[in-house]
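S.K.: Make a model of this:
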Amino acid sequence: MKQGGKRTGAGRPKTGLKVKKYTITLPKKIAAELEYHAATVNLTPNKFITNFLEDEVNKNGWYDITNSLNHKEIKL
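M.R.: Next up is the predicted model:
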């Protein structure tokens with residue numbers, strides 16, 4: 001499969017994963033903590049968040065997560 005670029009095989013190979021990209025904005029303190037904790041387990045912040053969400057959904061299901069978030073006051 002052609003990857004792009006002028007040279008044959010140039011560019012990053014496709015992983016085959018189906019993903020949707022999101023951009024999030026975090027307070028600097030939370031971003032720093034995320035980067036620190038992700039590094040302690042040798043993960044990127046993106047993979048750390050993905051693993052966390054997958055674990056929470058597998059443990060609690062989307063309904064319970066959504067329900068608990070609806071009852072929390074979010075302070076910025």
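
S.K.: and the host helix or strand of residue 55, how far out from the chain's middle?
M.R.: Per DSSP states H and E: residue 55 is located in helix 45-70. Offset of helix 45-70 from its chain centre (CA atoms, centre = their mean, to the nearest Å): 11 Å.

S.K.: Low-confidence bits of this protein, can you list those?
M.R.: Applying pLDDT under 70 to the chain picks out residues 1-5, 71-76.

S.K.: so who does residue 17 touch?
M.R.: With contact set as CB atoms under 8 Å, 6 or more residues apart in numbering, residue 17 has no partners. (Glycine included, C-beta is placed from N, CA and C.)

S.K.: can you give me phi and psi for it?
M.R.: Main-chain torsions, residue 17, degrees, to the nearest 10: phi -80, psi 140.

S.K.: separation between it and residue 27?
M.R.: Distance, residue 17 to residue 27, using CB to CB, to the nearest Å: 29 Å.

S.K.: same thing with residue 59?
M.R.: Distance of residue 59 to residue 27, given as CB to CB: 26 Å.

S.K.: Also residue 48?
M.R.: For residue 48 relative to residue 27 (CB to CB), the value is 17 Å.

S.K.: Ok, residue 65 next?
M.R.: Separation of residue 65 from residue 27 (CB to CB) stands at 21 Å.

S.K.: Between those two, tell me which one has more neighbours.
M.R.: residue 65 (14 against 9; other CB atoms under 10 Å).

S.K.: isn't that one right next to residue 55, touching?
M.R.: No: counting by CB atoms under 8 Å, residue 65 does not reach residue 55; the two are 11.1 Å apart.

S.K.: what sits in contact with each of the two?
M.R.: Counting by CB under 8 Å, 6+ apart, residue 65 and residue 55 have no shared contacts at all.

S.K.: list the buried ones in stretch 35-54?
M.R.: Neighbour counts over stretch 35-54 (16 or more other CB atoms under 10 Å) mark 38, 45, 48 as buried.
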